[in-house]
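Trainee: sequence-free structure coming up:
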């Protein structure tokens, strides 16, 4: 597993959040296996922390994509929709999923707490 970036906030559902940008962790991508399809929320959709807002499908399973914070989707990453494998290759940079205008942030984990969770 790759290093856990110290500048991100994390959920217990293995999503990360930074300045409204949402993605999944390398731990989640590795656990899922080869990701073949991603369903992202629509621009303008309201999302609620802890509530599924999309799906990630791999050769192993289908998993819910859970919003890490309350807000409204302002942008989605078209590269991930076209190339879902980016989540396996680069989950913290090119594989970001969507951006929200954050209106409320739940109890997120810092990098060390997330490392303890997955450790």
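Mentor: Thanks, I have it. Being a predicted model, the structure only gives us computed values, none of them experimental.

Trainee: and the gap between residue 11 and residue 25?
Mentor: 9 Å (Cβ to Cβ, to the nearest Å). Every C-beta, even on glycine, is put in place using the N, C-alpha and C of the backbone.

Trainee: ok, now residue 98?
Mentor: Applying Cβ to Cβ to residue 98 and residue 25 gives a distance of 15 Å.

Trainee: Where does pLDDT dip in this structure?
Mentor: For the chain, applying pLDDT under 70 flags the ranges 1-2.

Trainee: Show me where it has its helices.
Mentor: 26-32, 78-82, 86-89, 111-118 (DSSP state H).

Trainee: what separates the third one from the chain centre, distance-wise?
Mentor: In this view, helix 86-89 has its centroid 12 Å away from the chain centroid, taken as Cα atoms, centre = their mean, to the nearest Å.

Trainee: just the last one next, same as before
Mentor: Relative to the chain's own centre, helix 111-118 is displaced by 16 Å; criterion: Cα atoms, centre = their mean.

Trainee: counting contacts, what elements does it pack onto?
Mentor: Counting contacts by 3 or more Cβ pairs under 8 Å, 6 or more residues apart in numbering; DSSP states H and E, helix 111-118 is packed against strand 9-10.

Trainee: doesn't residue 33 make contact with residue 84?
Mentor: No: look at residue 84 against residue 33 with Cβ atoms under 8 Å: they stay out of range, at 11.7 Å.

Trainee: Neighbour count for these two, which is higher?
Mentor: When residue 84 and residue 33 are compared for neighbours, residue 84 comes out ahead with 19 against 12, by other Cβ atoms under 10 Å.
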